[in-house]
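Undergrad: Got a predicted structure plus its sequence, pasted below:
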Amino acid sequence: MLESIPCGKVSQLSGYIEDRWLKKRPNPETRKRERTALYGKCTRYRVKGVPGVRDRSFDALQDAKAWLAQSQTDAGRGEFIDPRDGAISLKDYIDSHWWPTQSGDPSTLERTEQRVRLHVLPHLGSQPLSHIGAQVLRTWTKRLEQDLGPTSIRLVWASLSGILQNAVEDRRLIRNPCRSGTVGPPAATPGRVEAWPPERVLAVRAAMPDRSRLLVVLGAGLGLRQGEAFGLGLEDIDFAKEVVHVRRQVKRVGSSLCFALPKGRKVRDVPLPSSVARDIQWHAKVFAPLRVTLPWDDPRPPKTPVEAKHRRPRTFNLLVTGRRRNAIDRKSFNTYVWKPALARAGVIAPLQEGRPGRPPVWEPSREHGFHALRHFYASEELEAGESVVSLARWLGHSDPGFTLRTYSHFLPRAGARGTAAIDAVFA
């Protein structure tokens, strides 16, 4: 029989220390404890019997006693974290425990996977979870600054923080080092949304090809996102009730397109101005809506009958399609349709000659993306006196507070009443 060693007060709690080299009871004749078959062949002291705590072995009795006391205290509070569970490398944890459990929008997962693969694993993948602390994160953030801007670093940081928070909830870490008060990503770049003037919107619309011109109207006149404009069908327009039902988008997952619910998986109704209705009717008369069939939500091959049922192809009469009479791919549209129109309208510089056989490379112009039309829509609605709550609903924002924070500077005569009050005092 192996010996169990009492440890003062902690011996009254669950758990004990086992001496695996000597038998617990002495020999009746010699009154000495005899050696066990494990003598000299293994670590001598083993802590056992603490509920929810795996056995652990030590060479020194004092180390075993310290571990027993700490594990008893932490287990009693429900806060026990076994440091051996944090010894797994970040890469192994991601591959084996984190990534297989992720679900949600496929395009969002794709972007997260790219951030982790390109900017987290090359620098931190070999680090054990328990070794990722403030100093490691500072060094890593400094390295990212060589390749990424503040906004991109914040997105990568958020991805890593989500992984480490999972590790905390899996009881592999005591706390998430990304939430430390002494280290963090770069501060967000200060600035505010700027809306295009009406003259620019009209100039870009005039510069668009006839088949694609309606997209500018859908963005600036209804506040649709780019994918929502690509996915709008004739069946979504209720001319009698003067409303547009925003029920889907066209999105890209990997190298394929599919239909999906709008961002946030929220459908909504948007008021239909008469001028926009006339443009839609003219476009539908000249360019007849086309029946387009795409998978739903995820174009990848399904693995289960449930996935096959959910992803089965659906068909809609799209108002605007590409030159090949199919759904529009945002990458191709931005490169070959949108950017040339911006250049013809004088919004960005003309294209410089690139390599033969390569797609054209335009100057960086993120602020002049299709989303600028959505900002124009918001600014016009607010300056006309529409409420923030109504605008948030039309834009598909779940929180009107976000709409207010983003577009508050478009409110008509912001600060005028306060200025008048001060003038009344000092006049």
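TA: Yep, it's here.

Undergrad: Spit out the contact partners of Val286.
TA: Shown in contact with Val286 (Cβ atoms under 8 Å, 6 or more residues apart in numbering): Asp210. Yep, even glycine has a C-beta here, placed from its N, CA and C like the rest.

Undergrad: how near is it to Arg172?
TA: Val286 sits 61 Å away from Arg172 when distances are taken as Cβ to Cβ, to the nearest Å.

Undergrad: Then Thr403?
TA: Distance from Thr403 to Arg172, by Cβ to Cβ: 39 Å.

Undergrad: What of Gly162?
TA: For Gly162, the distance to Arg172 - Cβ to Cβ - is 14 Å.

Undergrad: Would you mind telling me which of these two has more residues around it?
TA: The neighbour comparison of Gly162 against Arg172 (other Cβ atoms under 10 Å) goes to Arg172, with 22 against 15.

Undergrad: Per-residue pLDDT of the nearest residue to that one once chain neighbours are set aside, please?
TA: Nearest non-adjacent residue to Arg172, counting by Cβ to Cβ, 6 or more residues apart in numbering: Asp85, 4.4 Å away. On the pLDDT scale, Asp85 is placed at 81.

Undergrad: Next up, the contacts around Asp85.
TA: Asp170, Arg171, Arg172.

Undergrad: Repeat the analysis, applying 10 Å as the threshold.
TA: Arg54, Tyr93, Leu129, Ser130, Ala167, Asp170, Arg171, Arg172, Leu173 (Cβ atoms under 10 Å, 6 or more residues apart in numbering).

Undergrad: Now do the strand ranked longest in the chain: distance to the chain's middle.
TA: The strand that spans the most residues within the chain, counting by DSSP state E, is strand 16-23. Using Cα atoms, centre = their mean, to the nearest Å, the mean C-alpha position of strand 16-23 is found 51 Å from that of the whole chain.

Undergrad: So which elements touch it?
TA: If you count contacts as 3 or more Cβ pairs under 10 Å, 6 or more residues apart in numbering; DSSP states H and E, strand 16-23 packs onto strand 2-5, strand 45-48, strand 56-58, helix 61-77.

Undergrad: what's the closest of those to Pro150?
TA: Nearest of the helices and strands packed on strand 16-23 to Pro150, taken as Cβ to Cβ: helix 61-77 at 38.6 Å.

Undergrad: other SSEs contacting the helix or strand following that closest one?
TA: Following helix 61-77 in sequence order, the next helix or strand is helix 90-93 (DSSP states H and E). The contact analysis (3+ Cβ pairs under 10 Å, 6+ apart) places helix 90-93 against helix 121-124, helix 150-169.

Undergrad: now Val120: how far from Gln226?
TA: Counting by Cβ to Cβ - Val120 and Gln226 are separated by 28 Å.

Undergrad: Of these two, which one has the most company?
TA: For Val120 and Gln226, the more surrounded residue by other Cβ under 10 Å is Gln226, and the numbers stand at 23 against 20.

Undergrad: and that one, what is it in contact with?
TA: Per Cβ under 10 Å, 6+ apart, neighbours of Gln226: 215, 218-219, 249-251, 328, 330, 333-334, 338, 369-371, 373-374.

Undergrad: Buried among those? Need that as a selection in PyMOL.
TA: To isolate the buried members of the contacts of Gln226 in PyMOL, using 16 or more other Cβ atoms under 10 Å:
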select buried, resi 215+218+219+249+250+251+328+330+333+334+338+370+373+374
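
Undergrad: tell me the angle of the longest strand of the chain relative to helix 61-77?
TA: Angle between the axes of strand 16-23 and helix 61-77 is 150 degrees (criterion: axes from the mean of the first three to the mean of the last three Cα atoms, to 10 degrees).

Undergrad: Just the CA trace of strand 16-23, in CSV.
TA: As requested, the backbone C-alpha atoms of strand 16-23 are provided in CSV (Å, rounded to 0.1, in the frame of the first residue of the first chain):
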residue,chain,number,x,y,z
TYR,A,16,-4.2,14.0,-0.3
ILE,A,17,-0.6,13.4,-1.3
GLU,A,18,0.5,9.9,-2.1
ASP,A,19,4.2,8.7,-1.7
ARG,A,20,4.7,6.2,-4.5
TRP,A,21,8.1,5.1,-3.3
LEU,A,22,7.3,3.9,0.2
LYS,A,23,4.5,1.8,1.5
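
Undergrad: Could you report the neighbour count for Leu272?
TA: Leu272 has 19 neighbours, counted by other Cβ under 10 Å.

Undergrad: Distance of the nearest residue to it once chain neighbours are set aside relative to Arg77?
TA: Spatial nearest neighbour of Leu272, excluding adjacent residues (Cβ to Cβ, 6+ apart): Glu242 at 4.5 Å. The spacing between Glu242 and Arg77, counted by Cβ to Cβ, is 62 Å.

Undergrad: Also Glu363?
TA: On the measure of Cβ to Cβ, Glu363 and Arg77 end up 58 Å apart.
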